[in-house]
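Asks: model this:
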Amino acid sequence: MWDGENELPGNYSGVRCEKSPHRSVGRFVSDQEDDDAGYLDVAVSEVKHPPPQLSPMPEGLTNHQVVRRHILGSIIQSERSYLESLRRILQEYHRPLMEAEPRILSPRKIRPIFHRIREITQCHSMFQIALASRVAEWDSSEKIGDLFVASFSKSMVLDVYSDYVNNFTNAMALIKKACMSKPAFLEFLKRKQASSVDRITLYGLMVKPIQRFPQFILLLQDMLKNTPKGHVDRLPLQLALTELETLAEKLNEQKRVADQIAETQQLARSVSDRLLSKQLNSEQRSLVLCETLIETVYGERGQVLKSKERKVFLFDDVLICANINVKGPPDISSLVPVGPKYTMKWSAPLQHVQVVEVGQENSQSKDTLFQQSGTKRPSGACNSALLGPPRLYQELQELQHDLSVVEEVTLLVGTLQGIYQNLNTTVSQDWCLALQRLIHIKEEQIQCANKCRLRLQVPGRPDKSGRPVSFMVVFNTPNPLSKISWVNRLHLAKIALREENSRGWLYGEDEGKTIVPFSCPLLASLSPALALETALHNPVNCALLGFSAASTSLPQGYLWVAGAGEGFQGHVEIFSLNRPTPRAVKSLQISSAIRCLEYVQAPSPTEEGDVGIHKAAAGAGTNICVGLDDGRILVYGSADTAAQCLLTLHNPEGCPVLCLKHSARFLFAGLRNGTVMVYGRNNNDDLWDPESPICVSLGAEPIRTLLVLDESVWASCGNSVTVIQISTLTTQKFEVHPDPMISVTHMACAGGGVWMAFSEGSSIRLFHTETLELLQEINISTRSMLQNTGQKNMRVTSLLICQGLLWVGTAQGLIITLPVPKLEGIPKITGKGMISLNAHCGPVDFLVATTSTLSPDLLKRDSVGDGPDSACGGEDRSDSSSQESLQPSSCYKAEEKGKGRGVLLQYRLRSTSGLPGRPLTAHGDEASDSSLESLEHSVEDGSIYELSDDPEMWVRGRPCEKDAVRRDRVISAAVISGGKGFRRLKEGIGVGSRTSGDSLENTLMVWQLPLTV
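Replies: Next up is the predicted model:
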């Protein structure tokens, strides 16, 4: 199942066997006679089958059974509505157009518009027949997951929907063209919309197939949540979610590519530079991000002089800004989305574009002359740092200076011997209070200025003296999430241009086929390490991290890397990740070699996940457990609490600790002698009790790896895995490999499955978490090898699942990724693997995932500057200000006491948010100056049909306020590999050979993934 394709069952009796050729995405269908060739002629059956109908609800049902029946009813109604929409397209639009006399459109123009609608209708007609049969026996079987697998895992379904999605952009373009050239067709569409009960346009009906599988996924997710473990429908539902997610991902990717090509072609037509136009049309350049932003020009006092919509295109090597021209007649845009036409305003090489936050202007090159966008200034003009939002930062610095002066005056006034009117300590303190409030107002103004504003330094033409000239352009983004996306994508696009990423990955099975750099993990940095055995991520939210820094840095927190040092000593190295590259901040020497690490988050009495807040790992309850070769387990505090050793645990025989895992109440240690030691807590707030551990003996083989699931712990012993129930410590053993000489070395879990790797061989196996049955087996050596490697067997040395990818590290130093579903289904391999051209010289010792959630405060407010952690670089700031020192700063403590109410600023300034009363010198109308207005806007929609108004979407209902907070989570992720040395692989070079410049020092490779918004 490497390709994710299945054989086609022969139950599509209504579809002729010949397939139409796949038309290239983004090309208009020509009007020649041969366009009629290749289309499927499908006769949709007119035989009426009874629709699915649930019988009356019997008595005595459990709550789960009642909910499952309601969800089944939603599936029935949703599918009936969808099938009715498909039939409306054929009966109300396709048939009248084909039979119209005189002709409104010729048949060769009608067929491309409705391409594959008949096949999709036939597919769902058969699904509805099968659904009716399953619904009729629901009370006896209560099983529906297998029906979705059987109906939608066929390659025919993917082919039909792929053709439809690929043709959708062309179909809309043909409708638009016909509306403008055929008034009768435009009148026909208006008349059909006016006569329909729901007034849905043809576009509104034709977009439904694109929405269909996401709707199915939502319904099956709800069904799975209400299906208890052990139910006969549970595994089929998980497999159905896997199939539907895989199908939806492929269709989404095809739709994204089609839209990207359409936008790029539209832009290429407006470019006067022939070379650039040719490059835009080439397949070598890919569009990373495009969005309608508002360009804003400010006056010297920060007021908005003018603003205009621009379309900004971020390609993998160039940034282009274009004017948006008139979108078309309103009567057409109300029926079908009409894409705008563009006129290119400027373009700039991506390497020379920099994100500049307010307050960073001084860090730019002094040899560069700045100009305000859209204006011409002589070389003697004032620096742009005094214009617009930067002026606010200068005013803030002036207020800070005045406050320090007034504080000194207050101290001097306190030394006066006499009593004078209006010259006493009370009046001086009032001055200080007023200035503090003015500073607070200025902070809020700067936050508003940075919240949705993307400030870019763009290179221009050199002046007459040859000096480089740059101009500052300010774009207003629709929301803070948009700005975060832009800053992150600009940062990663620059990383993708580096030599190691320009050709970073290859498909394992397709010889010579490269991958678009931005669609795969990017090698962000290489770092040396002193010892390599194991590693973990200690997440810590940095309260002082700025807006752009949070958008470009690695997942916040610390990376612990441990192993054996010189002799029999152990060594721990702690790296800070609050920047684009790791930085070593502390090291620990231990008297015994280190075998394993485990991160234990502080127990929480209440669940805070509902509000989508990332629990920052701070405080005594957050621990790092270190397993040693002498049998001890050292328990350290978190890195942000100075990483002090808090507790030492022993095992009776002093047997080496090979692996560690924890649950809410227990710490599990796998020993070399085949025993699992279980240390319990006295209560949730205490550390583990070292006096009374429980021994669970599993065999004579070492416990090589542990894995904690919801209610159990999986422990490997030889070629078997034992499932230990956490509540009772009862065990269940099952064999996972037939060879008794082979042992399980790695386990990784996602959804309802566990992938396992073994001490010998290149195969990895997938087992179900509940039934324990084998679901899939993949041989890495036959699937993901470069040409002429000369390696027939690749031993797996590390395993990880992160962000929809199964990462496999090998003894040859290669890193392979395989796509797996991200949802609650089974993590089956669903597509082709990729192999990295960046490899270690020795075995991949570990793969560790680092993830963190950006603070929701960043979506509401911003900090002032971003220092070196921004995309622009700059000088390193001190550890106290960047919060990379292991001692928490006073500012950070003050922020904790304020419970997040204070303003997050990177410079040192007392927070004034807790001061009582109203600001003395500010009024509401004065504070709402034009420069402070929120320029948030909503993207125009050219259609009267809104997806949120789809009558089928009532199943989930409109999102509540809590859901909106959860949806606005921004997740940062990176994967770090450890091994000996670094090398670049080249096609035709064997795995065993090295390229020039290889070294055998311990090396960390950091792979950064795009932010998920």
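Asks: now stretch 293-310: how far from the chain's centre is it?
Replies: 32 Å (CA atoms, centre = their mean, to the nearest Å).
Asks: Burial check on the nearest residue to Thr227 once chain neighbours are set aside, number of neighbours?
Replies: Spatially, and ignoring its direct neighbours in sequence, Thr227 is nearest to Arg234 (5.0 Å; CB to CB, 6 or more residues apart in numbering). (C-beta placed from N, C-alpha, C; glycine too.) Neighbour count for Arg234, taken as other CB atoms under 10 Å: 20.
Asks: Would you quantify the distance from Arg234 to Thr769?
Replies: 10 Å (CB to CB, to the nearest Å).
Asks: Pull out the buried positions in stretch 207-226.
Replies: By 16 or more other CB atoms under 10 Å, the buried positions in stretch 207-226 come out as 207-210, 212-213, 215-217, 219-224, 226.
Asks: Tell me which two of these sit farthest apart.
Replies: Among those, the pair separated by the greatest distance (CB to CB) is Val207 and Asn226, at 29.7 Å.
Asks: Could I get the buried residue list for whichever strand in the chain runs longest?
Replies: If you go by DSSP state E, the chain has its longest strand at strand 971-984. Buried positions in strand 971-984, judged by neighbour count with 16+ other CB under 10 Å: 972-984.
Asks: just the CA coordinates of that strand, formatted as PDB?
Replies: Extracted in PDB, the C-alpha atoms of strand 971-984 (Å, rounded to 0.1, in the frame of the first residue of the first chain):
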ATOM      1  CA  ILE A 971       1.500  25.600  16.200                       C
ATOM      2  CA  SER A 972       5.300  25.800  15.700                       C
ATOM      3  CA  ALA A 973       7.100  22.400  15.000                       C
ATOM      4  CA  ALA A 974      10.600  21.200  14.200                       C
ATOM      5  CA  VAL A 975      12.300  17.900  14.100                       C
ATOM      6  CA  ILE A 976      15.900  17.500  15.400                       C
ATOM      7  CA  SER A 977      18.100  14.500  14.400                       C
ATOM      8  CA  GLY A 978      21.400  13.600  16.100                       C
ATOM      9  CA  GLY A 979      24.200  11.500  14.700                       C
ATOM     10  CA  LYS A 980      27.900  11.500  13.700                       C
ATOM     11  CA  GLY A 981      28.800  14.200  11.200                       C
ATOM     12  CA  PHE A 982      27.000  15.600   8.200                       C
ATOM     13  CA  ARG A 983      27.100  14.800   4.500                       C
ATOM     14  CA  ARG A 984      25.300  15.700   1.300                       C
END
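Asks: May I ask you to name the longest helix in this protein?
Replies: Secondary structure of the chain per DSSP state H: the longest helix is helix 234-268.
Asks: For the residue sitting furthest away from the middle of the chain, which three-state class applies?
Replies: If you look at how far each residue of the chain sits from its centre, by CA atoms, centre = their mean, the farthest one is Gly418, at 66.7 Å. Classification of Gly418 using DSSP: H, G, I helix; E, B strand; the rest coil returns coil.
Asks: so what does the helix or strand hosting Leu218 touch, helix or strand wise?
Replies: Per DSSP states H and E: Leu218 is located in helix 208-225. Contacts defined by 3 or more CB pairs under 8 Å, 6 or more residues apart in numbering; DSSP states H and E place helix 208-225 against helix 63-88, helix 145-152, helix 155-181, helix 234-268.
Asks: Can you tell me which of those helices is nearest to Pro843?
Replies: Of these, nearest to Pro843 by CB to CB is helix 234-268, at 31.2 Å.
Asks: and that closest one, how far from the chain's centre?
Replies: That offset, for helix 234-268, works out to 15 Å (CA atoms, centre = their mean).
Asks: cool, stretch 798-810 as well?
Replies: That offset, for stretch 798-810, works out to 16 Å (CA atoms, centre = their mean).
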